[in-house]
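Chemist: what shape does this take:
(one chain, ligands or ions: 2)
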Amino acid sequence: MEGNLLVRVEGVSKRFSGVPALQNVHFDLYAGEVHALLGENGAGKSTLMKIISGAYTRDSGDLYIKGEPVGDLTPLSAQRLGIGIIHQELNLCPHLSVAENIYLNREIASFGITDRKKQNSAAKKYLDTLKLDVDPDTLVRELPVSKQQMVEICKTLSMNAQVIIMDEPTSALTDKEIDDLFNVIKMLKSEGRGIIYISHRLEELSRIVDRVTILRDGRYIKTLDFAKTTLEEIISYMVGRNLSEKFPRIAVSRGEKALEVKNLSSPRGVGVKDVSFELYRGEIVALAGLMGAGRSETARAVSGADRMSAGEIFLEGRKITIKNVRSAIKEGLYCIPEDRKKDGLCIKMTLAENITLPSLEIISRFGVIRRGKEVEKATKMKDALKIKTPGIGQCAANLSGGNQQKVVVGKWLMRNAKVVIFDEPTRGIDVASKIEIYNIINELKKQGIGVMFVSSELPEVLGMSDRILVMCNGRITANLETKNTNQEEILKYATQYA
Ligand SMILES: Nc1ncnc2c1ncn2[C@@H]1O[C@H](COP(=O)(O)OP(=O)(O)OP(=O)(O)O)[C@@H](O)[C@H]1O
Ligand SMILES: [Mg+2]
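Modeler: Ligands and ions are numbered 1, 2, ... in the order given. Predicted coordinates for the structure are as follows:
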């Protein structure tokens, strides 16, 4: 068996400015297996993968690739050793084409000049493998996040890597794309490659995973055969305790009408057409549907991120005009966006600055930011959301993916809102932190705020909402009481073209 060992990590440790991110961690990967690396946000998963793929160097411990001990790697030397990684936060160049991204720094050239035609047809081969219907000449910035994710995967495939690391590859994919990806993973496995798979969507593991290794707080906890364990056992190792309830539902009596949207249309994406709905104080409404149904577009148009081409919005019975995000915020209507890197987070600013950014007038006096107030407010939010980081002065770029998401949520919670709309609030968030986000949503509900959330995860939709609006093809196809419906009914309306 030893001969088939592609990667072995022995007692690896890593600190960032003195704070340990990994302590004495073990991990191994055999040819032909899918090995999941699991743990809560900030557990050290991405850090370990960056060490194996040469982006970070370890402080101590041993690393063996195909049985050979290796010293410090660089991304290039790791790539030469057959290690490919698909990063959690996408790493593509938005202004370059799909093919240019796939072959970046490895351009296919004839006589020293990039041969676009050859390169495009080479790229096309990998796009076809993933059943990705995209022209290799398309600029990456024109693609939705899910397609960008698939391009990243093509890029790694094209490097012919023997070890393929996927750091949350499915967090932005549609169900259909996930099926295609899993088929590719099975194919790679049958070719004798090893796949390291990181995901917070534990339900999907059973479809592809052979073994799991669990990290907690930067420490190695256990490696298990997937077939011989249960999700409950895995979760208890991840969080170090038994979780009580996955969906902490609370009962709040419904108040007055908080929001009313009448005949809203917006040209973006699939095109939102003639959408009308109501949202009451103390109520949680889920906006369900398949990827591309127009859910995010609806949220964006209502909250001023996109232009509405028709329609009216009433807040607490009063007609309001929303010109842009700023005017929506002034009225007390917030949307917490889906794409945290692009819309939600200033990656170069600190945690404290990010959290207080929308609330500058609250922490300022005569136009000057009172640092004491900033620290106080940000610390409170960091503790409330259990954001894992050594301090609020930490740069947002250095937070783990899930903790970045909590910052995006946190910055809006400081405001006094009438209506809050969340777009995929728990994407990339671990099981225990999901419950923390649900508790925040409940807290808003208790305060009599109207809450709406867009989610692609039906258990979450059914577990947390009072009412469900289903969208399909830009229109609302159903308005369902959560307690009287089920998964099948929602799916029926989600695929029914109105
Ligand atoms: N470049 C960096 N500088 C400082 N701290 C860092 C850096 N990279 C990671 N960390 C810290 O190391 C710890 C582990 O982070 P890591 O990104 O490995 O977590 P993760 O398990 O991938 O979490 P998630 O599920 O949220 O993606 C975190 O506390 C994080 O803040
Ligand atoms: Mg990570």
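
Chemist: let me know the next secondary structure element after the helix or strand where Val285 lies.
Modeler: Element membership for Val285, per DSSP states H and E: strand 284-288. Where DSSP H and E defines the elements, the next helix or strand beyond strand 284-288 is helix 295-302.

Chemist: in that following helix, which residues are buried?
Modeler: By neighbour count on 16 or more other Cβ atoms under 10 Å, the buried set for helix 295-302 is 295-302. From N, CA and C alone the C-beta is placed, and that goes for glycine too.

Chemist: now swap in stretch 348-367 and tell me
Modeler: By 16+ other Cβ under 10 Å, the buried positions in stretch 348-367 come out as 350-356, 358-359, 363.

Chemist: identify those among those residues that sit within helices.
Modeler: Using DSSP state H, the subset of the buried residues of stretch 348-367 located in helices is 351-356, 363.

Chemist: among those, which ones lie close to ligand 2?
Modeler: Among those, none lies close to ligand 2 by the criterion of Cβ under 5 Å from the ion.

Chemist: follow-up on the earlier one: let me know the closest of the buried residues of helix 295-302 to Ala378.
Modeler: Comparing the buried residues of helix 295-302 against Ala378 with Cβ to Cβ places Ala299 closest, at 26.0 Å.

Chemist: from memory that closest one sits against Met452, does it?
Modeler: Yes - counting by Cβ atoms under 8 Å, Ala299 does reach Met452; the two are 7.3 Å apart.

Chemist: between these two, what contacts are shared?
Modeler: Here Ala299 and Met452 have 287, 421 as joint contacts, going by Cβ atoms under 8 Å, 6 or more residues apart in numbering.

Chemist: which ones are touching the residue nearest to Gln149 when sequence neighbours are not counted?
Modeler: Counting by Cβ to Cβ, 6 or more residues apart in numbering, Gln149 lies nearest to Ala172, which is 5.3 Å off, once chain neighbours are set aside. Neighbouring residues of Ala172 by Cβ under 8 Å, 6+ apart: 145-146, 148-149, 427.

Chemist: ok, of the residues you listed, which come out buried?
Modeler: 145-146, 148-149, 427.

Chemist: looking at these, spot the one nearest ligand 1.
Modeler: Distance ranking of the buried ones among the contacts of Ala172 against ligand 1, using Cβ to the nearest ligand atom, places Arg427 first at 11.2 Å.

Chemist: distance of the residue nearest to the closest one when sequence neighbours are not counted from ligand 1?
Modeler: Sequence neighbours aside, Ser171 is the residue nearest to Arg427 in space, at 5.4 Å (criterion: Cβ to Cβ, 6+ apart). In this view, Ser171 and ligand 1 are 10 Å apart by Cβ to the nearest ligand atom, to the nearest Å.

Chemist: ok, Phe366 next?
Modeler: 35 Å.

Chemist: over to Glu256?
Modeler: 38 Å.

Chemist: name whatever forms a beta bridge with Ser266.
Modeler: Assessed by DSSP bridges, Ser266 has beta-bridge partners Val272.

Chemist: for the residue in the stretch 351-498 of the chain positioned nearest to ligand 2, give me its contacts.
Modeler: Closest residue of the stretch 351-498 of the chain to ligand 2, Cβ to the ion: Gly401 (4.5 Å). Neighbouring residues of Gly401 by Cβ under 8 Å, 6+ apart: 41, 46, 88-89, 168, 428.
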